[in-house]
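J.: could you work out the structure for the sequence below:
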Amino acid sequence: MGYSGGIYVAKAERPAALSELTVLWEKSFPGGWYELQLDGFPESGALREVVTATGAPALVAVVLDSDMAHVQALSPAGVAWAAYLHADNAEAFGAPELPHSPDEIVDLAVAWSAEAGLDADPETVRAALNAENTFAEETFAGLLAALGISED
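T.: Residues are numbered from 1 along each chain as shown. Below is the predicted model of the structure:
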């Protein structure tokens, strides 16, 4: 049985919107970015609260049994995108269709990255979104690297 819960990436060590949740582990990245793996799932409005509180872009991956992740990202200027990592598994779990095409998701992810002061290559982002690792958490780590947050 794999991990199920939320993984937040934000420019804050412990955003207030997440203060009630238990952090299983955390990691810091250059530029003031932090990754928090939570024990459980965040409230639906927590991402917006984190972005509002930090004044910086943030993203969350809601992972289900390490088989798939629903990634949502938001910026203060309103750049928002969502994607499924391990999309075939997401479909098997009955995940709803996303509002944007794969090309639109890549464009929005690159714009989100630019607003965060990062440099993301569209083809690298596309490859990360389509990667199929053993665990969705590994695929999410690759996406963080593609967005310019981590150096992994």
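J.: excluding its backbone neighbours, what's nearest residue 59?
T.: Excluding its sequence neighbours, the residue lying closest to residue 59 (C-beta to C-beta, 6 or more residues apart in numbering) is residue 73, at 3.8 Å. C-betas here are computed from N, CA, C, even on glycine.
J.: what does residue 144 give?
T.: Using C-beta to C-beta, 6+ apart and skipping the chain neighbours, the partner closest in space to residue 144 is residue 150 (4.5 Å).
J.: can you check residue 62 too?
T.: The spatially closest residue to residue 62, leaving aside those adjacent along the chain, is residue 70, at 4.7 Å (C-beta to C-beta, 6+ apart).
J.: what bridges to that neighbour?
T.: Listed beta-bridge partners, residue 70: residue 62, residue 84 (assigned using DSSP bridges).
J.: repeat that for the one 10 residues further on.
T.: Beta bridges link residue 80 to residue 74 when assigned by DSSP bridges.
J.: and if you look at residue 8?
T.: Using DSSP bridges, the beta-bridge partners of residue 8 come out as residue 36, residue 60.
J.: what distance do you get for it to residue 31?
T.: Counting by C-beta to C-beta, to the nearest Å, the gap between residue 8 and residue 31 amounts to 16 Å.
J.: so in the chain, which helix runs the longest?
T.: For the chain, the helix reaching the highest residue count under DSSP state H is reported as helix 102-115.
J.: buried residues of that helix, list them for me.
T.: In terms of neighbour count (16 or more other C-beta atoms under 10 Å), helix 102-115 has its buried residues at 105-113.
J.: which residues in this structure form helices?
T.: For the chain, applying DSSP H gives helices covering 46-54, 87-92, 102-115, 122-130, 136-147.
J.: show residues contacting the second one.
T.: Which is helix 87-92. The contact list for helix 87-92, computed with C-beta atoms under 8 Å, 6 or more residues apart in numbering, reads 67-68, 70, 84, 130, 136.
J.: change it to 7 Å
T.: If you take C-beta atoms under 7 Å, 6 or more residues apart in numbering as the criterion, helix 87-92 is touched by 67-68, 70, 84.
J.: closest one to residue 36 out of the residues you listed, please.
T.: Nearest to residue 36 among those, counting by C-beta to C-beta, is residue 70 at 16.7 Å.
J.: for the closest one, list the residues it contacts.
T.: With C-beta under 7 Å, 6+ apart as the criterion, the residues that contact residue 70 are 62, 82, 84, 90, 95.
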